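Trainee: need a structure here:
(4 chains)
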There are 2 protein chains.
Amino acid sequence: MASVPHHDHVNHAGRALVGAARDAMVAGGEQWTDMRAAVFESLASFDQPASAYDIADRVSQLLGRRVAANTVYRILDLFVSKNVAMRVESRNAYLANAHPDCLHDCIFLVCDGCGATTHVDDDVLSNGVRERASAAGFKAERPVIEVRGRCSDCRD
Amino acid sequence: MASVPHHDHVNHAGRALVGAARDAMVAGGEQWTDMRAAVFESLASFDQPASAYDIADRVSQLLGRRVAANTVYRILDLFVSKNVAMRVESRNAYLANAHPDCLHDCIFLVCDGCGATTHVDDDVLSNGVRERASAAGFKAERPVIEVRGRCSDCRD
DNA sequence: GCTCTCGATGAGATAATATAACACGACGCC
DNA sequence: GGCGTCGTGTTATATTATCTCATCGAGAGC
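Mentor: Numbering: from 1, shown residues only, chains lettered A, B, ... in the order given. Next up is the predicted model:
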């Protein structure tokens, strides 16, 4: 598989992930409030893309009080804009970003069997998509590349 | 721009488009009922991706009676499965397919200014995405490549 | 300390998108 | 006629997303 581009970022995990998210937010001029921390932790605690409502439930549990969806949406939108979370369009769901510090157009492999979603980067491909858009006179702002299919565990 | 792959299909328009859709459906072993024709015509009458509810409204108008969303969804799902329509995931909306007879993974350029969505094909890119998925042990079934941005009319 | 403003959150309502459950009629087949 | 399948109608409900306005606290300027 020598031809496949690799990714050698540190993949922040657990509390380190939270720290990386906080740093990225602060670096972007945003506050890191308790609520935002709670939303991020909840988001990161899923092993699959989570809907805003899933997250709202988990945040509510975490904080011991009811947190409304719109609070969660506001924060998720902010996270996405700061590259701390990513939205999986074809599932209307969100993922924590393991390396917010580095900017890629990412490619999601979304398993229709188990829902697991893996995230790969391939700048050659994503630049190709951007170039293809430019060639059509289009100013690419946010490429969305997601592949629906079956992960290795869920193939027949 | 000689390096950009082209597309030389006949782009069916108007009634010819409807005919192509009907043929594709029939070829796929599906019926072409009045309701399906009405949904397809309504879909094709939009110059932008249309939501199922937009379509339901237009079908209702066309038929002079109330047609419920789920009827439209059923038919749209069928259309998508037969490649007669396509779903734009990042807008929760649908487009008629101008050449149902030929199968591509398509790339949508979705303008966040005016909503216009153009459809390009680039088998080199889409195969690249499929290969990238395979390399990760993933069985690609439906690649989704959509680019959010600004069309040439809506750039600053 | 006081007040002003601003950003963050709370609360409730509502909109927009999508699916479920079940009934009914048309049609083909036996 | 009796049965099965397919397409649609009808109603209800689930899920996702946004809007509006109120409140609260931190910091700036005085």
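Trainee: Any part of stretch A:50-69 near DNA strand D?
Mentor: Yes. Applying CB under 7 Å from any atom of the strand, one finds stretch A:50-69 in contact with DNA strand D at A:51-54, A:68-69. Any C-beta I mention is one placed from the backbone N, CA and C, and that applies to glycine too.
Trainee: do stretch A:91-109 as well
Mentor: Yes. Judged by CB under 7 Å from any atom of the strand, stretch A:91-109 comes into contact with DNA strand D through A:92-93.
Trainee: in what helix or strand does the nearest residue to residue A:71 once chain neighbours are set aside lie?
Mentor: In this structure, residue A:71 finds its nearest non-sequential neighbour in residue A:35, 6.9 Å apart by CB to CB, 6 or more residues apart in numbering or on different chains. Residue A:35 is part of helix A:34-44, with elements assigned from DSSP states H and E.
Trainee: That helix: how far from the chain's middle?
Mentor: When distances are taken as CA atoms, centre = their mean, to the nearest Å, helix A:34-44 is centred 13 Å away from the chain's centroid.
Trainee: So which other helices or strands are in contact with it?
Mentor: In this structure, helix A:34-44 packs against helix A:14-27, helix A:52-63, helix A:69-81, strand A:93-96, with contacts taken as 3 or more CB pairs under 8 Å, 6 or more residues apart in numbering or on different chains; DSSP states H and E.
Trainee: closest to residue B:142 out of these?
Mentor: Between residue B:142 and the helices and strands packed on helix A:34-44, the shortest gap by CB to CB is with strand A:93-96, which sits at 16.8 Å.
Trainee: What mean pLDDT does the closest one get?
Mentor: In this model, strand A:93-96 has a mean pLDDT of 98.
Trainee: Quick one: name whatever helix or strand follows that strand.
Mentor: Tracing the chain past strand A:93-96, the next element assigned as helix or strand by DSSP H and E is strand A:106-111.
Trainee: Residues of chain A that sit close to chain B?
Mentor: When proximity is defined by CB under 8 Å from any CB of the partner chain, chain A lies next to chain B at A:1, A:4, A:89-90, A:107, A:109, A:111-112, A:118, A:120, A:122, A:124-125, A:128-130, A:132-133, A:135-152, A:155.
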